[in-house]
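A.B. asks: kindly return the folded structure for what I paste below:
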Amino acid sequence: MSQDAGPGSSALTFEKGACCLCGREDGEVVVRGNDPALGSNSPEFAFIRCPDCGILFLEPKPTAESIDLLYPDQYYARDFRAIRQAAMHKPSRLKQRLQACILRSYGLIQKPEAEKHKSSSHRAPTKPLAALWDFVCKTSVFPLAVRQSSLLRTLVYNRRLFQFRRKPARVLEVGFGNGLLLDALSHLDTELFGTEISPEACKVLAATLGVHTFCGQLWEANYEDNQFDLVIFSHSLEHLADPMRALREARRIIAPQGAVVISVPNPNSLSARTFKEHWTGYDFPRHLFLFGSDALSMMAEKVGLRLQTLHFPMEASLHHLAESINSRLGLRLIPDVASRTLITQLLYLPIIVFKAGDILTACFSAKK
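C.D. replies: Now for the predicted structure:
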């Protein structure tokens, strides 16, 4: 049974929600809310926790036929400007050299062959000096530079995920959204792929970054078995009508030594319990499911993936917390830069330690 959300939502229709893992339609109502953008006749939404799996599912949820209406090109418009500017305004040669030096020091890129040959001809006594210089830079100069650059923060803070065996590494982002993550990865030795449901988003990323884009769902792209070294779901899995199907497909297309990385809002966070319907992780009705770490691991196990690492990224979690506070107050009181200040991070650290951060990132490998 479906229902129309009213004139403010065009042809958007809804149906009964259910757990994406076991199919149960009952459970504890965790929170209720709505989306004013859908108009005065918008239904009231609820996130219900499945008693068997712990997954939160949206009730009612948009039908598969109408879900694309939630993502018009205007939804991406501001992000299009950001990625176009990043592609058009190349950094100065000095900045490029500094970025390359930092990425090399953290093992993300290698020296060009010419530099390797030149350095190999140096006498042995210069090696301790080079090691000392690298140590000094990594403990003083480089961290300051990294904190000032969103590109470097993305690559350096997540460097353990980007240590690829194959060069160039094949990386796929499912639901790449604004494309800024792929832009950062383009600075490494990678061949980039991405899926999105927006034709305009695919067109922009293909034109600006040369990404191999596919407009549609992951399972419609028909990628080859074992094709990718890394498959990324960065705040996209919670948007999918069938996340289990997407995970099965991701398992099929990763290489034997590849990985699947998933970043999602953490419904078990302190912020979710504190701010309730104002917590931005709920995002009615675009987020169809929400997964805590246990639920995410259970889903991954079902498709043949094994959890390798789990962490709660500090800066992303703080940014999410700031957005929730601003939403609760109805004004933009906390600026984006607050998530990068040392005092704020120290205050938030206990929440991270107790695994109650706003964002969780899990890395999975294929079961042997």
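
A.B. asks: show me the contacts for the residue nearest to residue 56 when sequence neighbours are not counted.
C.D. replies: Closest residue to residue 56 apart from its sequence neighbours, by Cβ to Cβ, 6 or more residues apart in numbering: residue 290 at 4.0 Å. C-beta: built from backbone N, CA, C; applies to glycine. Contact partners of residue 290, counting by Cβ atoms under 8 Å, 6 or more residues apart in numbering, are 47, 55, 56, 238, 264, 265, 267, 281, 282.

A.B. asks: now the first one, what's its secondary structure?
C.D. replies: Pointing back at residue 47 there. strand (DSSP: H, G, I helix; E, B strand; the rest coil).

A.B. asks: ditto for the fifth one
C.D. replies: Taken by three-state DSSP, the conformation at residue 264 corresponds to strand.

A.B. asks: ok, it - contacts?
C.D. replies: Residue 264 is in contact with 233, 235, 237, 238, 290, 291, 296, 359, 360, counting by Cβ under 8 Å, 6+ apart.

A.B. asks: ok, now with 6 Å
C.D. replies: Going by Cβ atoms under 6 Å, 6 or more residues apart in numbering, residue 264 touches 237, 238, 291.

A.B. asks: okay, now the unreliable bits of the chain?
C.D. replies: 1-10, 40, 76-79, 86-89, 111-127, 129-141 (pLDDT under 70).

A.B. asks: most centrally placed residue in it?
C.D. replies: residue 234 (1.9 Å; Cα atoms, centre = their mean).

A.B. asks: I'd guessed that one sits against residue 265; true?
C.D. replies: No. The pair formed by residue 234 and residue 265 falls short of the contact definition of Cβ atoms under 6 Å, at 11.7 Å.

A.B. asks: circling back: quick check on the residue nearest to the centre of the chain: phi, psi?
C.D. replies: With angles defined as degrees, to the nearest 10, residue 234 sits at phi -100, psi 100.

A.B. asks: use 36 as the first number for this chain going forward.
C.D. replies: In the new numbering, first residue 36, that becomes residue 269.

A.B. asks: bridging residues for it?
C.D. replies: Applying DSSP bridges to residue 269 gives these bridge partners: residue 298.

A.B. asks: now do the strands in the stretch 86-235 of the chain.
C.D. replies: Taking DSSP state E, counting those that start in this stretch, the strands of the stretch 86-235 of the chain run over residues 91-94, 96-97, 204-209, 225-231.

A.B. asks: closest to residue 106 out of these?
C.D. replies: The closest of the strands of the stretch 86-235 of the chain to residue 106 is strand 225-231. By Cβ to Cβ, the value is 8.8 Å.

A.B. asks: got the CA positions of that closest one in PDB?
C.D. replies: The C-alpha trace of strand 225-231 is given here as PDB (Å, rounded to 0.1, in the frame of the first residue of the first chain):
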ATOM      1  CA  THR A 225      44.500   5.200  -8.800                       C
ATOM      2  CA  GLU A 226      42.000   4.500 -11.600                       C
ATOM      3  CA  LEU A 227      38.700   5.900 -10.300                       C
ATOM      4  CA  PHE A 228      35.100   4.700 -10.800                       C
ATOM      5  CA  GLY A 229      31.900   5.900  -9.300                       C
ATOM      6  CA  THR A 230      28.100   5.300  -9.300                       C
ATOM      7  CA  GLU A 231      25.400   7.900  -8.700                       C
END
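
A.B. asks: give me the three-state assignment for the closest residue in space to residue 349 that isn't next to it in sequence.
C.D. replies: Excluding its sequence neighbours, the residue lying closest to residue 349 (Cβ to Cβ, 6+ apart) is residue 380, at 5.6 Å. What three-state DSSP gives for residue 380 is helix.

A.B. asks: if I look at residue 380, how far off is residue 213?
C.D. replies: The gap separating residue 380 from residue 213 is 24 Å, by Cβ to Cβ, to the nearest Å.

A.B. asks: ok, how many other residues are close to the residue nearest to residue 102 when sequence neighbours are not counted?
C.D. replies: Distances taken as Cβ to Cβ, 6+ apart place residue 276 nearest to residue 102, at 6.3 Å, with adjacent residues excluded. Using other Cβ atoms under 10 Å, residue 276 has 15 neighbouring residues.

A.B. asks: now the contacts of residue 299 as JSON lines including neighbour count, secondary structure and distance to residue 55?
C.D. replies: What follows is those, written out as JSON lines (neighbours: other Cβ atoms under 10 Å; DSSP: H, G, I helix; E, B strand; the rest coil; distance: Cβ to Cβ, whole Å):
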{"residue": "272", "neighbour count": "24", "secondary structure": "helix", "distance to residue 55": "10"}
{"residue": "273", "neighbour count": "24", "secondary structure": "helix", "distance to residue 55": "10"}
{"residue": "326", "neighbour count": "28", "secondary structure": "coil", "distance to residue 55": "9"}
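
A.B. asks: can you redo those residues as a markdown table with distance to residue 259?
C.D. replies: Below are those laid out as a markdown table (distance: Cβ to Cβ, whole Å):
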| residue | distance to residue 259 |
| --- | --- |
| 272 | 22 |
| 273 | 27 |
| 326 | 28 |
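
A.B. asks: measure stretch 80-95 end to end?
C.D. replies: In stretch 80-95, first residue to last residue: 6 Å (Cα to Cα, to the nearest Å).

A.B. asks: typo on my end, stretch 294-311
C.D. replies: Start-to-end, stretch 294-311 (Cα to Cα) is 33 Å.

A.B. asks: and that stretch, what's buried?
C.D. replies: Across stretch 294-311, burial judged by 16 or more other Cβ atoms under 10 Å covers 294-307, 310.
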